[in-house]
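Visitor: The following comprises the amino acid sequence and a computationally predicted model.
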Amino acid sequence: MVRTSRKTSDFRESLLQHLTYTMGKDPEHAQFFDWRMALSHAIRDRIVDHWVASTRETYEIDGKRVYYLSMEFLIGRLLEDGIVNLGMYQEVQEALASFDMDMRTILDDEPDAALGNGGLGRLAACFLDSLSTIGCPAMGYGIRYENGLFKQSFVDGRQVESPETWLQEPHPWEFERPEVRFTLGFGGDVIFENGRTFWRPSELIQAEAFDTPIIGWQGRWSNTLRLWAGRAVDPFDLGLFNSGDFAAAAEHEALARTISRVLYPEDSNEAGKELRLKQEFFFSAASIRDILRRFDSAHDDIRLLPQKVAIQLNDTHPAIAGPELCRILHDERGLSFEEALEITHGCMNYTNHTLLPEALERWDERLFGRLLPRHLQIIDRIDDAHYKAHPNRPLSARSDGQVKMGELSFIVANKVNGVSALHTDLMKQTVFKDLHALHPDRIVNETNGVTPRRWLHSCNHGLSDLITDTIGDEWVADLEQLQKLEPAIEDKAWLDRFRAVKAANKKALVDYVATAHGIKLNENAMFDIQIKRMHEYKRQHLNILEAIAHWQEIKDNPNGDWTPRVKIFAGKAAQGYHFAKDIIRLINDVSKLVNADAATRDYLQVIFLPNYNVSLAERLIPAADLSEQISTAGKEASGTGNMKFALNGALTVGTLDGANVEIREHVGEDNFFLFGMLADEVMQRRMMHDHAQQAIHADPRLARALNALRDGTFSPEDPGRYAHIADNLTWSDYFLVCSDFTDYWRAQREVDAAYRQPEKWAKMAALNVARSGWFSSDRTIRGYMCDIWGAESLIPQKSK
Ligand SMILES: CCc1ccc([C@H](C)CC(=O)N[C@@H]2O[C@H](CO)[C@@H](O)[C@H](O)[C@H]2O)cc1
């Protein structure tokens with residue numbers, strides 16, 4: 001690929017250069033794809049300069065490096081992120097306009113990198129943006145899935161999944177690193193020879209690195225995201241090919257690629273599948289090898305490792321990295337086991353993201369022992385060492401025929417953290433109660449955050465410009481400056497501009513939904529949005545039950561003084577999670593009936609948008625009036641969507657769960673619609689065997705709504721379709737939908753009343769914006785740097 005000059009100062013020229021020499025097209029014949037690729041390369045050129053400089057500086061300063069190991073990075077699109085972080089939005093817009101190209105059209109041509117399921121994966125992506133913006137030398141390690149999270153479409157209201165083949169077209173944001181390959185093993189046996197123990201794996205595979213630069217705000221620093229792809233040790237067997245067995249000849253390559261072929265779509269139910277464990281070991285072991293190779297290249301005393309390396313385990317999925325580091329230090333480098341474990345302990349840290357029992361990884365020891373025989377032995381020795389240190393409290397990672405990755409991560413880790421204040425407290429009181437008693441200083445809290453670059457500055461230009469006009473633009477990298485907006489909120493003219501911004505965002509969403517789905521939404525209605533993975537603890541079924549009861553009330557009194565609402569849902573259900581899929585179908589069936597109901601549709605519309613992903617969230621959140629954060633208290637570890645909505649001027653109707661608690665503390669209880677039982681009340685209520693029947697008996701609205709599920713109102717062609725949902729809610733209702741219904745209804749009516757006072761509502765919404773600065777992932781990362789990693793920023797910090 002010959003290029004005369006790599007980068008001209010004039011961006012338009014650089015764009016044209018790449019269209020011509022990188023894409024081999026002239027403006028007259030170029031497709032959107034060609035323009036996007038040319039634009040991506042022109043932006044990438046400018047990012048690479050910062051990347052190379054940051055990488056060189058990291059080596060020179062040789063400070064502590066952070067390694068963030070995650071099975072998921074829910075990145076979304078990267079082009080606009082690069083343009084915005086380089087501060088080139090205007091310049092790019094003009095350059096494209098000079099070729100009569102619309103920037104939005106080009107940006108929307110990019111596929112999402114959907115390498116994650118939900119909260120955990122998106123948090124990892126926000127963290128990468130903040131690590132670079134702060135200038136903390138760090139590297140993300142993960143898997144380069146050829147297929148991201150499945151595409152969702154609806155057939156007769158049912159979720160249908162199809163492969164997400166984001167890599168079928170060239171991906172301009174990655175650099176293949178053929179020189180960075182590690183050979184890894186599985187299976188085999190453990191042999192003991194002249195005093196040393198060796199693992200002799202029976203199956204070998206290679207991990208090849210693909211690097212993506214992660215540029216920070218104003219391009220002051222750029223870190224690397226290194227994703228591993230499976231490759232065969234010997235990809236092609238010529239002998240088999242010549243014998244005509246063509247498939248067998250290429251089998252090794254196909255088998256090797258299987259390991260990085262697809263993301264497991266479960267987001268809170270451990271599959272326990274062998275391939276999943278192989279994926280976890282594959283990327284963890286390759287990352288440990290790469291970390292040691294880099295350390296060895298600049299240091300010759302491995303005992304220094306904890307001073308130079310901090311590893312963060314994003315949940316238990318990479319937990320095997322602990323025993324793997326131990327194995328290498330002991331088996332290969334000859335350190336005593338005690339010393340190997342001490343060094344490992346000094347480097348490793350673990351973040352827990354869920355208390356759901358079904359989401360805690362517990363591997364069958366036979367499967368584990370067959371795949372990783374030496375690691376099982378190492379884990380036993382880790383348990384022995386822990387037992388020796390705490391003989392009176394036998395707590396082990398391996399027990400009852402299982403390898404418990406939560407316990408293993410806790411025992412190996414230096415610091416363990418939860419992701420919201422409530423969640424961290426519940427960790428100490430429940431899943432890690434015994435271990436916390438043994439290690440009272442190990443658990444710390446680091447409440448989640450979101451990057452204000454993508455989730456305000458980039459996705460909500462109207463609000464971003466209004467804020468910058470009012471307080472300058474330093475807020476983008478110092479979000480707590482939003483507080484400076486508070487005086488302006490008292491100014492009617494300012495509030496009118498704030499309201500106009502929200503109205504414009506709602507109009508834009510109405511146009512998008514009309515174009516993409518042919519549905520005309522009432523833009524003057526309240527936009528009430530619940531977008532997140534489908535799960536019973538997130539209670540999308542409580543939301544739709546309230547909508548049904550509301551619809552029934554409007555039908556009773558169509559001329560009543562109702563507050564018009566549009567209820568918007570979006571979210572994927574794991575393939576095997578049938579109850580969640582049935583809730584999707586119910587919402588689509590309710591939507592079909594209610595939206596066609598002439599008597600009520602001016603007051604209530606319901607819509608379920610397909611294929612929820614990062615890019616759709618960037619469209620929906622700026623247009624939201626109401627944010628639904630209605631999980632059963634004690635179940636949502638934190639939530640991060642809740643933060644994005646508050647930051648974009650939506651009011652929250654929510655329970656005291658996860659980070660809702662801290663959002664309400666920051667924005668003020670008058671600016672938050674609270675309902676529902678507290679976490680400890682939930683435990684109490686669940687003790688009652690008939691808690692749901694009692695609730696139904698006490699609330700005729702609830703009873704009537706449930707009857708509509710049973711009598712086929714929403715499925716006349718198949719009346720019994722939703723009886724099982726009504727039965728579940730009546731006879732088990734583990735997530736207390738019925739017991740919280742009445743209070744939820746009460747809160748929603750308060751929401752209606754508040755929305756009918758536009759000034760009051762706008763003030764409450766603007767105060768949510770002004771007081772959400774603390775929920776920046778920059779604040780969260782500074783917490784990790786200080787409390788857990790002991791890492792420093794390598795770029796001069798702006799003086800306060
Ligand atoms: C093994 C299957 C599996 C896969 C993913 C997970 C994740 C931990 C689930 C997840 O995404 N948890 C969410 O993490 C967010 C970031 O901390 C929190 O804000 C959410 O509350 C939490 O549900 C559990 C189990």
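Guide: Looks like it arrived, so ask away. Numbering: from 1, shown residues only.
Visitor: quick one, phi psi at the residue in the stretch 451-600 of the chain that the ligand sits nearest to?
Guide: Distances between the stretch 451-600 of the chain and the ligand by Cβ to the nearest ligand atom are smallest at residue 533, namely 7.5 Å. Where you see a C-beta, it was placed from the backbone N, CA and C, and this is true even at glycine. According to degrees, to the nearest 10, the main-chain angles of residue 533 amount to phi -60, psi 150.
Visitor: In this structure it contacts residue 569, no?
Guide: No: the pair formed by residue 533 and residue 569 falls short of the contact definition of Cβ atoms under 8 Å, at 11.8 Å.
Visitor: So for these two, which residue has more residues nearby?
Guide: Counting neighbours by other Cβ atoms under 10 Å for residue 533 and for residue 569 shows that residue 569 has the greater number, 26 against 20.
Visitor: helices or strands up against the helix or strand hosting the more buried one?
Guide: Element membership for residue 569 (DSSP states H and E) is strand 565-570. With contacts taken as 3 or more Cβ pairs under 8 Å, 6 or more residues apart in numbering; DSSP states H and E, strand 565-570 sits against strand 526-531, helix 540-556, strand 604-608, helix 614-620.
Visitor: let's see 10 Å
Guide: helix 492-517, strand 526-531, helix 540-556, helix 578-595, strand 604-608, helix 614-620, strand 626-629, helix 737-755 (3 or more Cβ pairs under 10 Å, 6 or more residues apart in numbering; DSSP states H and E).
Visitor: Taking strand 604-608 as reference, get the angle to the third one.
Guide: Right, helix 540-556. With axes from the mean of the first three to the mean of the last three Cα atoms, to 10 degrees applied, the angle from helix 540-556 to strand 604-608 works out at 150 degrees.
Visitor: Could you check the angle helix 540-556 makes with strand 526-531?
Guide: Going by the same axes, to 10 degrees, helix 540-556 makes 150 degrees with strand 526-531.
Visitor: gap between helix 540-556 and the chain center?
Guide: 30 Å (Cα atoms, centre = their mean, to the nearest Å).
Visitor: residues of that helix that come out buried?
Guide: Of all the residues in helix 540-556, those buried under the rule 16 or more other Cβ atoms under 10 Å are 540-554.
Visitor: Over to the longest one?
Guide: Buried residues in helix 492-517, defined by neighbour count with 16+ other Cβ under 10 Å: 494-495, 497-499, 501-502, 505-506, 509-510, 512-513.
Visitor: Next: the second one.
Guide: Taking 16+ other Cβ under 10 Å as the basis for neighbour counts, the residues of strand 526-531 that come out buried are 526-531.
Visitor: Adding mean pLDDT and distance to the ligand, write the helices and strands packed on strand 565-570 out as a markdown table.
Guide: Compiled in a markdown table, the helices and strands packed on strand 565-570 are given as follows (pLDDT from 0 to 100; distance: least, Cβ to the nearest ligand atom, whole Å):
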| stretch | mean pLDDT | distance to the ligand |
| --- | --- | --- |
| helix 492-517 | 98 | 24 |
| strand 526-531 | 98 | 14 |
| helix 540-556 | 98 | 14 |
| helix 578-595 | 98 | 14 |
| strand 604-608 | 98 | 21 |
| helix 614-620 | 98 | 14 |
| strand 626-629 | 98 | 10 |
| helix 737-755 | 98 | 18 |
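Visitor: Convert the C-alpha atoms of stretch 184-202 to PDB, please.
Guide: Output in PDB follows, covering the C-alpha atoms of stretch 184-202 (Å, rounded to 0.1, in the frame of the first residue of the first chain):
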ATOM      1  CA  LEU A 184      -1.000 -22.300  24.700                       C
ATOM      2  CA  GLY A 185      -2.200 -25.800  25.800                       C
ATOM      3  CA  PHE A 186      -5.200 -27.700  27.100                       C
ATOM      4  CA  GLY A 187      -5.600 -31.200  28.600                       C
ATOM      5  CA  GLY A 188      -2.800 -33.600  28.700                       C
ATOM      6  CA  ASP A 189      -1.100 -34.600  32.000                       C
ATOM      7  CA  VAL A 190       1.200 -33.500  34.700                       C
ATOM      8  CA  ILE A 191       4.600 -35.100  35.000                       C
ATOM      9  CA  PHE A 192       7.100 -35.000  37.900                       C
ATOM     10  CA  GLU A 193      10.800 -35.100  36.800                       C
ATOM     11  CA  ASN A 194      14.000 -34.500  38.700                       C
ATOM     12  CA  GLY A 195      12.200 -32.500  41.400                       C
ATOM     13  CA  ARG A 196      10.200 -30.400  39.100                       C
ATOM     14  CA  THR A 197       6.500 -30.600  38.100                       C
ATOM     15  CA  PHE A 198       5.600 -30.100  34.400                       C
ATOM     16  CA  TRP A 199       2.300 -29.800  32.600                       C
ATOM     17  CA  ARG A 200       2.400 -31.500  29.300                       C
ATOM     18  CA  PRO A 201      -0.700 -30.400  27.400                       C
ATOM     19  CA  SER A 202      -2.200 -32.700  24.800                       C
END
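Visitor: Show me how far that stretch is from its chain's centre.
Guide: Worked out by Cα atoms, centre = their mean, stretch 184-202 lies 37 Å from the chain centre.
Visitor: What parts of the stretch 201-350 of the chain come near the ligand?
Guide: Within the stretch 201-350 of the chain, the positions near the ligand by Cβ under 6 Å from any ligand atom are 266-268, 270, 315.
Visitor: I'd like those written out as CSV, with secondary structure added.
Guide: Converted to CSV, those look like this (DSSP: H, G, I helix; E, B strand; the rest coil):
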residue, secondary structure
266, coil
267, coil
268, coil
270, coil
315, coil
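Visitor: With respect to pLDDT, which of those ranks lowest?
Guide: Within those, residue 270 has the lowest pLDDT, namely 68.
Visitor: any idea which helix is longest in this structure?
Guide: In terms of residue count, the longest helix belonging to the chain (DSSP state H) is helix 32-61.
Visitor: I'd like the next helix or strand past it.
Guide: Next along the chain after helix 32-61, taking DSSP H and E as the criterion, comes strand 65-69.
Visitor: so what does that following strand touch, helix or strand wise?
Guide: Short answer (3+ Cβ pairs under 10 Å, 6+ apart): strand 65-69 packs on helix 119-134, strand 138-143, strand 222-231, helix 274-296, strand 309-314, strand 348-351, helix 777-784.
Visitor: how about low-confidence regions in the chain?
Guide: Low-confidence segments of the chain, defined by pLDDT under 70, are located at 1-9, 269-271, 797-800.
Visitor: which residue is nearest the centroid of it?
Guide: When Cα atoms, centre = their mean is applied to the chain, the residue found nearest the centroid is residue 122 (2.3 Å).
Visitor: Tell me how far it lies from residue 149.
Guide: 11 Å (Cβ to Cβ, to the nearest Å).
Visitor: How about residue 351?
Guide: Following Cβ to Cβ, the distance that separates residue 351 from residue 149 is 21 Å.
Visitor: quick one: which of those two has more around it?
Guide: Using other Cβ under 10 Å as the criterion, residue 351 and residue 149 rank with residue 149 on top: 29 against 26.
Visitor: Check whether the more buried one sits in a helix, strand or coil.
Guide: Per three-state DSSP, residue 149 ends up coil.
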